[in-house]
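Trainee: Kindly return the folded structure for what I paste below:
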Amino acid sequence: MPITLRAASREDARDLARIIDIAGEGLPGHLWARMAGPGETPLDVGTARAARDMGGFSWRNAHLAEVDGQVAGGMISYRLGRDPEPLDDLPPLFRPLQALENRAPGSHYINAIATLAPFRGRGVGRALMAQAAALGADAPELSLIVSSGNAPARRLYARLGYSERAREPMVGNGWRATGSHWVLMVRPLIH
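Mentor: Numbering: from 1, shown residues only. The predicted structure is shown next:
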């Protein structure tokens, strides 16, 4: 079936929260559980965050892929600033991620990208990656961070011209992932 790509809307916030939790190896859900108030689920917290107009994790920076009218996957991407962000005030879980982002200044950064399980192997990820390249066409390079344990995604990114620039050890702090490191991958763009 054909894949349709579209810009996300605020009404897509719940789907975006699911997508970012998959892309983040469960780290977002782990953090949202800590933030949840009485009667609130981690997914409720993620949905509220995705519904915001500001910040990197916002529906305004997101695109969704649909197959036969169903959300099949999505991504959040935006341009990183030129100046490195400080690490000292960040919680330990986030320091490795920010340290890697700081190694790709000015790039068009794919903050999160994921395909929902029933739609994997159908080209959804490839279509979303092409969308990211189109959105970041004026950037010097594209960048993303992936878990060292996510071999299928790393193979896809390598086939699309991404190579490893750096890696940082993951910090668990009550959260467990399939990998041991976060890996920064970049793809230079020809202008």
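Trainee: contacts and neighbour counts: CA atoms only from here.
Mentor: Noted.
Trainee: Walking through the protein, point out its helices one by one.
Mentor: 13-23, 27-35, 42-50, 95-101, 124-135, 151-159 (DSSP state H).
Trainee: which strands and helices sit next to the strand ranked longest in the chain?
Mentor: Looking across the chain with DSSP state E, the single longest strand is strand 70-79. Judged by 3 or more C-alpha pairs under 8 Å, 6 or more residues apart in numbering; DSSP states H and E, strand 70-79 is in contact with helix 13-23, strand 62-67, strand 108-115, helix 124-135.
Trainee: Tell me the buried residues in it?
Mentor: 71, 72, 73, 74, 75, 76, 77, 78, 79 (16 or more other C-alpha atoms under 10 Å).
Trainee: for those residues, which one is nearest residue 165?
Mentor: Proximity to residue 165 was ranked across the buried residues of strand 70-79 by C-alpha to C-alpha; first place goes to residue 79, at 17.8 Å.
Trainee: Most distant residue from the centre of this protein?
Mentor: Relative to the centre of the chain, the most outlying C-alpha is that of residue 38, 28.0 Å out, by C-alpha atoms, centre = their mean.
Trainee: quick one, phi/psi of it?
Mentor: Taking degrees, to the nearest 10, you get phi -60, psi 130 for the backbone angles of residue 38.
Trainee: From residue 19, how far out is the spatially most central residue of the chain?
Mentor: Geometric centre of the chain, nearest residue: residue 112, 0.9 Å, by C-alpha atoms, centre = their mean. The gap separating residue 112 from residue 19 is 8 Å, by C-alpha to C-alpha, to the nearest Å.
Trainee: Mutual contacts of these two, please.
Mentor: 74, 75 (C-alpha atoms under 8 Å, 6 or more residues apart in numbering).
Trainee: What residues does the closest residue in space to residue 56 that isn't next to it in sequence make contact with?
Mentor: Of all residues beyond its chain neighbours, the one nearest residue 56 is residue 78 (7.2 Å), with distances taken as C-alpha to C-alpha, 6 or more residues apart in numbering. By C-alpha under 8 Å, 6+ apart, the contact set of residue 78 is 56, 61, 108, 109, 110, 111, 136.
Trainee: quick one, what contacts the fifth one?
Mentor: Residues touching residue 110, when contacts are defined by C-alpha under 8 Å, 6+ apart, comprise 75, 76, 77, 78, 132, 142, 143, 144, 145.
Trainee: Low-confidence ranges, the protein, go.
Mentor: The chain contains residues with pLDDT under 70 at 191.
Trainee: Show me how far stretch 175-191 is from its chain's centre.
Mentor: Centroid separation between stretch 175-191 and its chain, computed with C-alpha atoms, centre = their mean, to the nearest Å, is 10 Å.
Trainee: quick one on the thing from earlier: starting from the longest strand of the chain, tell me which strands it pairs with and how they run.
Mentor: strand 62-67 (antiparallel), strand 108-115 (antiparallel) (DSSP bridges).
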